[in-house]
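Student: Quick check, what structure comes out for this input:
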Amino acid sequence: MQKVSTFLWFESGVEEAATLYTSLIPNSSILEVKRFGEGMPNGLVVLRFTLDGVEYQAMNTGPAGGFTEAISLSVVCDDQAEVDRIWDALTADGGEESMCGWLKDPWGVNWQIVPRRLLELQADPDRDRADRANRAMLRMRKLDIAALEAAADGR
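Tutor: Model prediction:
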């Protein structure tokens, strides 16, 4: 067990969420599921899972749970196909797109789906090029690598 981990409170659906998350990110798995007996509030389930080797804990809490943009999970993607795959899976079935590569999944967890190429463009020593990429990013929902590169190049 990891010494420090993030603990997420879901209103419901914690097992479904963890199953989806671990299916999307390589080197991820559900480590432990604890189901507590009848009479426990909200069908209490507590579980541990990893996303790319980083451990999380989560449980169903009922209406006391809930997420805000103050906490988000950020995924750095290697290419547009990975951006599209993760974005589409997390916005399906009730997820919501936001701006600048942010989304809210069907359980209300906030995610940032960031192409590695954006980080490279933002670090470009040509600050005008980096600024053009950033301005383009601010107009997007799901981030589009080709459009970011075109903007950086002034096209």
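Student: going forward, measure contacts and count neighbours with C-alpha atoms only.
Tutor: Will do.
Student: Let's verify residue 148: helix, strand, or coil?
Tutor: Following DSSP: H, G, I helix; E, B strand; the rest coil, residue 148 is assigned to helix.
Student: what's the spacing between it and residue 15?
Tutor: From residue 148 across to residue 15, the span is 36 Å (CA to CA, to the nearest Å).
Student: Compare those two (neighbour count), which wins?
Tutor: Just comparing residue 148 and residue 15: by other CA atoms under 10 Å the higher neighbour count belongs to residue 148, 23 against 18.
Student: Quickly list the domain ranges of the chain.
Tutor: 1-63, 67-155 (automatic domain parsing).
Student: got TSV for the ones you listed, with mean pLDDT too?
Tutor: Below are the domains of the chain laid out as TSV (pLDDT from 0 to 100):
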stretch	mean pLDDT
domain 1-63	89
domain 67-155	97
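Student: For the residue nearest to residue 144 when sequence neighbours are not counted, give me phi and psi.
Tutor: Closest residue to residue 144 apart from its sequence neighbours, by CA to CA, 6 or more residues apart in numbering: residue 80 at 7.0 Å. The phi and psi values for residue 80, taken as degrees, to the nearest 10, are phi -70, psi -30.
Student: What is the neighbour count of residue 80?
Tutor: By other CA under 10 Å, neighbour count at residue 80 equals 16.
Student: Kindly report the same for residue 120.
Tutor: 11.
Student: does it count as helix, strand or coil?
Tutor: With three-state DSSP as the basis, residue 120 sits in helix.
Student: ok, back up a step: ok, now which ones touch the residue nearest to residue 144?
Tutor: Residues in contact with residue 80 (CA atoms under 8 Å, 6 or more residues apart in numbering) are 115, 144, 145.
Student: Closest one of these to residue 35?
Tutor: Nearest to residue 35, judged by CA to CA, of the contacts of residue 80 is residue 115 at 36.8 Å.
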